[in-house]
Every structure is written in C-alpha cells, then in structure tokens.
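Undergrad: when you get a sec, could you give me coordinates for this:
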Amino acid sequence: MSEMLRRVEEGLAAVPPSLPLLALRLALAVPFFRSGLTKWDGFLQLSGGARYLFNEEFKLHILGRVYDFPLPIVSAHLSGLAEIVLPILLVLGLGTRFAALGLLVMTAVIQLTIPDGWANFHLPWAAMSLALVVFGGGRLAVDALLATRSDASRFRPTPTA
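TA: Numbers count the residues shown, from 1 in each chain. Model prediction:
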C-alpha cells in the first residue's frame, strides 16, 4: 500500500508547475473580468448600476465605522478598468506578478466594502493572488517567453566595427 501511495505521489509531483499556475491565473481572472464587464455600457462609458453602487451602496467598513468611497465615480472608473485590464494580463501571463498584486489590493478593498464575503470569495481570491505574486505565471506565460528572449539576447555576440 505504501509503495502505491509513493508512486501516486511521485506522479502528482511530476505535474509541471506551469499547469496549476495557469489554472490559478484563469480562476482568478474570470470573476474579476466578469465583474468588470458589468461596470461598462460601452467603451469607457460607466454603467448606471456602477455609478449607483459606488455613490450609494458601496461603503468602506474600517475599524467599526462606515465611510463613503472617496471620489466614487473616479473609484468606479478605476475599478472597472482594473477589472478588465488586470485579468487580461493574467490570462496572457504578462506582468503576472504585478497584475496579481493589483487584484490582491482590489480584494483588500472589496473586503473593506463587503466584509461578509471573506470566507466564500475574498480569501480564495487573496490566496490565488498571493500565490501568483510569489511564483509568477509559470512557463505557460508571456512573461516566460520574454524572459527567454531576454536571456538569449544577452548571449548574442555584439558586432565589432
């Protein structure tokens, strides 16, 4: 029995790390991108729902007090842009660590806005973001392609006159 468990464990350990990192990038990108789509009625045209939420509904819960969002329409625009751009960067694996860091910060703000969502949504988003900040996008990412090209160009001989 222990031999079989060892073989299974070795098989699982042989999975390339790039596969779960790709899965993390996709799993984190989807909810943010879908949320971002709801904030727009056209190119850079903030939806009425987003305007209403940021002006009337969304409040920051900090140390037992409730505060209005500062500059709610600007916050809505920035949130909407980030929720579209950062997930696209994640899926591509371009600037993965920075995109994940941006979503980690957004998750913290969302937690301050909707404190009851921690266990079901915010904790998994924070964990996925943190893993991508630490480990990057893996080999199945544009970041890896760019790093490979950068490394190759360092070893290319420079022409002499």
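Undergrad: in this structure, which spans are helices?
TA: With helices called from DSSP state H, the chain shows them at 2-13, 18-37, 48-52, 72-92, 96-113, 123-135, 142-154.
Undergrad: which one of those has the poorest average confidence?
TA: The stretch with the lowest mean pLDDT among these is helix 142-154, which comes in at a mean of 80.
Undergrad: circling back to that earlier point, any chance of the helices of the chain in JSON lines, plus distance to residue 60 and mean neighbour count?
TA: To be clear about C-beta, it is placed using only N, CA and C from the backbone, and glycine gets the same treatment. JSON lines is the format used below for the helices of the chain (distance: least, Cβ to Cβ, whole Å; neighbours: other Cβ atoms under 10 Å):
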{"stretch": "helix 2-13", "distance to residue 60": "42", "mean neighbour count": "9"}
{"stretch": "helix 18-37", "distance to residue 60": "18", "mean neighbour count": "18"}
{"stretch": "helix 48-52", "distance to residue 60": "17", "mean neighbour count": "15"}
{"stretch": "helix 72-92", "distance to residue 60": "10", "mean neighbour count": "18"}
{"stretch": "helix 96-113", "distance to residue 60": "5", "mean neighbour count": "19"}
{"stretch": "helix 123-135", "distance to residue 60": "17", "mean neighbour count": "17"}
{"stretch": "helix 142-154", "distance to residue 60": "33", "mean neighbour count": "12"}
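Undergrad: OK, contacts around the most centrally placed residue in the chain?
TA: With the centre of the chain defined as its mean C-alpha position, the nearest residue by Cα atoms, centre = their mean is residue 100, 3.8 Å away. With Cβ atoms under 8 Å, 6 or more residues apart in numbering as the criterion, the residues that contact residue 100 are 28, 90, 128-130, 132-133.
Undergrad: residue 142 and residue 94 touch, don't they?
TA: Yes: using Cβ atoms under 8 Å, residue 142 makes contact with residue 94 at a distance of 4.3 Å.
Undergrad: which ones are touching residue 24?
TA: Contacts here follow Cβ under 8 Å, 6+ apart; on that basis residue 24 touches 128, 131-132.
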